[in-house]
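Chemist: this is the structure alone, sequence omitted:
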């Protein structure tokens, strides 16, 4: 009983400053963020996205050039958009949005945001579960699976989800510490695994790698039933796969702890270790798996890594799933907690973790990850544009920033209209002009900026 009281006391003592600016003595330097970003982005998604590029028939040259340019654009977005605003305001995305848009809009947004975060975290719990289930000879998900196909899968997912949720319940400090310990080891396993299997793919010397990459790994030919990916798909996916975090401003909740805005460049450890090296490494592993399994439909990162490098590969998949799911659950908890500041964040995170774990039981979350990540960023992007304009432009053109707080209104219609019109515009581009979801974020952002400025001017004049 005493241990239980002690645990609850420790959880109640966790203060994430959900409704106030971060005090100066709690600010963190480069080290915390280098570890957090490296851990979060060298993670479970990498064991899915790298193989999916292979499945979609990306060529070697398109993959490498697209990833380099797209990742550079992502780092610049984190630094110059998100980090600058985070250091300027020192509050969470949800608290800042409440000042701008009002409580009613923020309630709807937070529910949508938390739901999307839960699905992303759920896909990473599922990834980790594919490795945990190996010793039990668990039946693995197939590329075509939507629903859970056996009791062992559900049981394993719930075990992994429980551990992930407990870590997230202890707040940012524990999430950061976990990532700092795990990240260096994970990237070494990714690199070692890829190097270890290259001879099995026919790479006998350094000079032969590129020819094997073009002919055997990234052949430019998609698997049956998969669409074709080219250079622009790769570039925009690398830039926008984390659109919700940088352009969408979700990482205000993490970067508000930064001592200076330049810490935003620490995202480079994540994208170039995770979204470059790890995507390439996992693509190599999947290519070997396809060859040795004679085109098996099984799509389970755990067995793929295990078949390449044994137990170390399986353990890496488990840890990688956790390092993405932990900060994602943390963000989801903050989103729900901001609805009612009296709720304890750890209790909210516990509830969110249960919902996430249930979602993780559905393999479709993993099989459709590319499309889901693109959709998730697109849905949250208009609010990021609103925050950018509200912080930097509105007062310069004679309009009121933080309009809902200043006017005491619970709904700022200019924000609501911006969100709805922007998403309707993107849907129109997709349905009428056939523009794929990966390319909608950029034109959508400029539409959101224009709509917000125009509607704010009209509504505030009234």
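Modeler: Received it, and whenever you're ready, just let me know what you need. No experiment lies behind these values; they were computed from the predicted model shown.

Chemist: so for the most centrally placed residue in the chain, what's the pLDDT?
Modeler: The chain has residue 242 as the residue nearest its centroid, 5.5 Å off, counting by C-alpha atoms, centre = their mean. Confidence at residue 242, expressed as pLDDT, is 90.

Chemist: my read: it touches residue 74, true?
Modeler: Yes: assessed by C-beta atoms under 8 Å, residue 242 is found in contact with residue 74 at 6.2 Å. Heads up, the C-betas are built off the backbone N, CA and C, glycines and all.

Chemist: mutual contacts of those two, please.
Modeler: residue 271 (C-beta atoms under 8 Å, 6 or more residues apart in numbering).

Chemist: please identify the buried residues of stretch 139-156?
Modeler: Applying a neighbour-count criterion of 16 or more other C-beta atoms under 10 Å, one finds 140-141, 143, 145, 148, 153-154, 156 buried in stretch 139-156.

Chemist: ugh, wrong one, stretch 442-459
Modeler: Quick answer for stretch 442-459 (16+ other C-beta under 10 Å): 444-445, 447-449, 451-453, 455-456, 459.

Chemist: got a list of contacts for it?
Modeler: So stretch 442-459 is contacted by 236, 240, 247, 378, 381-382, 384-386, 388-390, 393-394, 397, 399, 403, 412-415, 417-419, 421-423, 425-426, 429 (C-beta under 8 Å, 6+ apart).

Chemist: of the buried residues of stretch 442-459, closest to residue 274?
Modeler: For the buried residues of stretch 442-459, the minimum distance to residue 274 (C-beta to C-beta) is 23.8 Å, reached by residue 445.

Chemist: distance of the residue nearest to residue 413 when sequence neighbours are not counted relative to residue 451?
Modeler: Leaving out its chain neighbours, the residue that sits closest to residue 413 by C-beta to C-beta, 6 or more residues apart in numbering is residue 459, at 5.7 Å. Between residue 459 and residue 451 the distance, using C-beta to C-beta, to the nearest Å, works out to 12 Å.

Chemist: how many residues are close by residue 332?
Modeler: Number of residues near residue 332 (other C-beta atoms under 10 Å) recorded here: 28.

Chemist: so it is in contact with residue 119, correct?
Modeler: No: shown here, residue 332 and residue 119 do not form a contact pair, counting by C-beta under 8 Å, at 9.6 Å.

Chemist: give me the common contacts of those two.
Modeler: Shared contacts of residue 332 and residue 119, counting by C-beta under 8 Å, 6+ apart, come down to residue 356.

Chemist: rewinding a little: now do the phi/psi pair for the residue nearest to the centre of the chain.
Modeler: For residue 242, the backbone dihedrals (degrees, to the nearest 10) come out as phi -110, psi 30.

Chemist: do the one 5 residues further on as well
Modeler: The main-chain torsion angles of residue 247 are listed as degrees, to the nearest 10 and equal phi -60, psi -30.

Chemist: could you double-check that it lies in contact with residue 441?
Modeler: Yes: if you go by C-beta under 8 Å, residue 247 and residue 441 touch, sitting 7.2 Å apart.

Chemist: so those two - more neighbours on which side?
Modeler: When residue 247 and residue 441 are compared for neighbours, residue 247 comes out ahead with 29 against 19, by other C-beta under 10 Å.

Chemist: look at the more buried one and report its pLDDT.
Modeler: 94.

Chemist: can you check residue 191 too?
Modeler: On the pLDDT scale, residue 191 gets 84.

Chemist: list the contacts for it?
Modeler: Contacts of residue 191 by C-beta under 8 Å, 6+ apart are 277, 281.

Chemist: give me the three-state assignment for it.
Modeler: Using DSSP: H, G, I helix; E, B strand; the rest coil, the secondary structure recorded for residue 191 is helix.

Chemist: re the thing from before, so what sits against both of residue 247 and residue 441?
Modeler: 240, 377, 381.

Chemist: could you turn the buried ones of those into a PyMOL selection?
Modeler: A single PyMOL command is used to select the members of these judged buried by 16+ other C-beta under 10 Å:
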select buried, resi 240+377+381
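
Chemist: hmm, residue 146 is touching residue 361, no?
Modeler: No: counting by C-beta under 8 Å, residue 146 stays clear of residue 361, with 11.1 Å between them.

Chemist: show me where the stretch 101-250 of the chain dips below the pLDDT cut-off.
Modeler: Residue ranges of the stretch 101-250 of the chain with pLDDT under 70: 143-144, 171-184.

Chemist: same thing but at 80, please
Modeler: Within the stretch 101-250 of the chain, the stretches with pLDDT under 80 are 135-146, 149, 164, 166-187, 224-225.

Chemist: that one: helices as residue ranges?
Modeler: For the stretch 101-250 of the chain, the helices defined by DSSP state H, counting those that start in this stretch occupy 103-132, 151-169, 172-201, 209-212, 231-240.

Chemist: against which helices or strands is the helix or strand harbouring residue 321 packed?
Modeler: Secondary structure from DSSP states H and E places residue 321 in helix 311-337. Identification of packing neighbours for helix 311-337 by 3 or more C-beta pairs under 8 Å, 6 or more residues apart in numbering; DSSP states H and E yields helix 30-41, helix 46-55, helix 103-132, helix 151-169, helix 172-201, helix 252-255, helix 301-309, helix 345-360.

Chemist: of the ones you listed, which approaches residue 318 most closely?
Modeler: helix 103-132 (4.7 Å).

Chemist: what's the spacing between the closest one and its chain's center?
Modeler: 10 Å (C-alpha atoms, centre = their mean, to the nearest Å).

Chemist: over to stretch 121-140?
Modeler: For stretch 121-140 - counting by C-alpha atoms, centre = their mean - the centre lies 19 Å from the chain centre.

Chemist: stretch 37-50 too?
Modeler: With C-alpha atoms, centre = their mean as the basis, the mean position of stretch 37-50 lies at 9 Å from the chain mean.

Chemist: most neighbours per residue, which of the helices and strands packed on helix 311-337?
Modeler: helix 252-255 (a mean of 27; mean count of other C-beta atoms under 10 Å).

Chemist: neighbouring contacts of that one?
Modeler: With contacts defined as C-beta under 8 Å, 6+ apart, helix 252-255 is touched by 33, 36, 78, 82-83, 85-87, 89, 91-94, 96, 172, 263-264, 327, 331, 334, 387.

Chemist: same thing but 7 Å
Modeler: By C-beta atoms under 7 Å, 6 or more residues apart in numbering, the residues outside helix 252-255 that reach it are 36, 82-83, 85-86, 92-93, 96, 263-264, 331, 334.
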